[in-house]
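Chemist: From the sequence below, what's the structure:
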Amino acid sequence: MLAFSVFRILHICSGFLALLIFWIPLVTKKGRKVHRTVGWIYVWAMAIVSLSAFYMGAYRVLFDETAAHELISFSWFLIFISILSGATAWYGIRVLHFKQRKERHRHIFDLFVSSLLVGSGVGISLYGFSINSPLIAYFPLLGIFIGVLQLLYWLRKPSQRMHWYYEHFGGMIPCCIATVTAFTVFGAPRLLNIETTSIFLWFLPTILLVPVLIGFQIYYNNKFSKSF
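Modeler: Down below sits the predicted model:
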């Protein structure tokens, strides 16, 4: 249990750090020092959050024989959130690394990460339906959608100018959604001593941040179009 306690502390500390700074790269000038520096801090914080969440969720599911059914179900959801946050952050960084590509992307690990997001989304969603949990049943549909878009991007030749710019947002903003959702579902109720929360609050980060993603897409599409 010592390892579990260590991972729990790392998860909480890194999660709060990510929650505090995730908005800074969104509002600062893209490509500048503040954006890059805080962005990398956020990525590393989310890497710790993702790995620690996966460990804790897997531990509860596989080794904790005393865990109640509700705790097991939320542990499965925690595993999915860890995959979603890790896969989106990874994608957001990797599209920058391969921004000069002209052909289809065949890197096996990138394809595996996106496929894992799709596969885990399908599995956890089916599990959610089997236990009649709206959160666990429907929220993974977001991960399936994002994972499919990632695979389509990797497996197609780039056809849009500054494609990597748009895809970077398409990776990092869903990662922010995972960050805020995890806090809404797990962190806030414990801090406020609330036993149950409305399902609307569970989906509120998605409702608020998806329009931000769309807004970025429209703004930069107009900006880059006018530069020609």
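Chemist: Spatially central, which residue of the protein would that be?
Modeler: The centroid of the chain falls nearest to Ser85 when counting by Cα atoms, centre = their mean (2.6 Å).
Chemist: name the element that residue belongs to?
Modeler: Using DSSP states H and E, Ser85 sits within helix 69-97.
Chemist: now the nearest residue to the residue nearest to the centre of the chain once chain neighbours are set aside: how far from Met162?
Modeler: Leaving out its chain neighbours, the residue that sits closest to Ser85 by Cβ to Cβ, 6 or more residues apart in numbering is Ala178, at 3.9 Å. In this view, the C-beta of every residue, glycine as well, is placed from N, C-alpha and C. Distance of Ala178 to Met162, computed by Cβ to Cβ, to the nearest Å: 25 Å.
Chemist: between these two, who's got more neighbours?
Modeler: Higher neighbour count among Ala178 and Met162: Ala178, with 31 against 15, using other Cβ atoms under 10 Å.
Chemist: Quick check: next helix or strand after the lowest-mean-pLDDT helix or strand in the chain?
Modeler: Ranked by mean pLDDT, DSSP states H and E, the weakest helix or strand in the chain is helix 188-191, scoring a mean of 59. Per DSSP H and E, the first helix or strand lying C-terminal to helix 188-191 is helix 199-226.
Chemist: Burial check on Trp40, number of neighbours?
Modeler: 12.
Chemist: cool, the one 4 residues further on as well?
Modeler: Taking other Cβ under 10 Å as the criterion, the count of residues near Trp44 is 14.
Chemist: Got the confidence number for it?
Modeler: Per-residue confidence (pLDDT) for Trp44: 95.
Chemist: so for the helix holding Ser85, what's the average pLDDT?
Modeler: Mean predicted confidence for helix 69-97 is 92.
Chemist: Now do the buried residues in that helix.
Modeler: Residues 73-92, 94-95 are the ones in helix 69-97 that count as buried (16 or more other Cβ atoms under 10 Å).
Chemist: Can you spell out which helices and strands pack onto the very next helix or strand once past it?
Modeler: Using DSSP H and E, the next helix or strand after helix 69-97 towards the C-terminus is helix 108-130. With contacts defined as 3 or more Cβ pairs under 8 Å, 6 or more residues apart in numbering; DSSP states H and E, helix 108-130 has these neighbours: helix 69-97, helix 134-138, helix 140-155.
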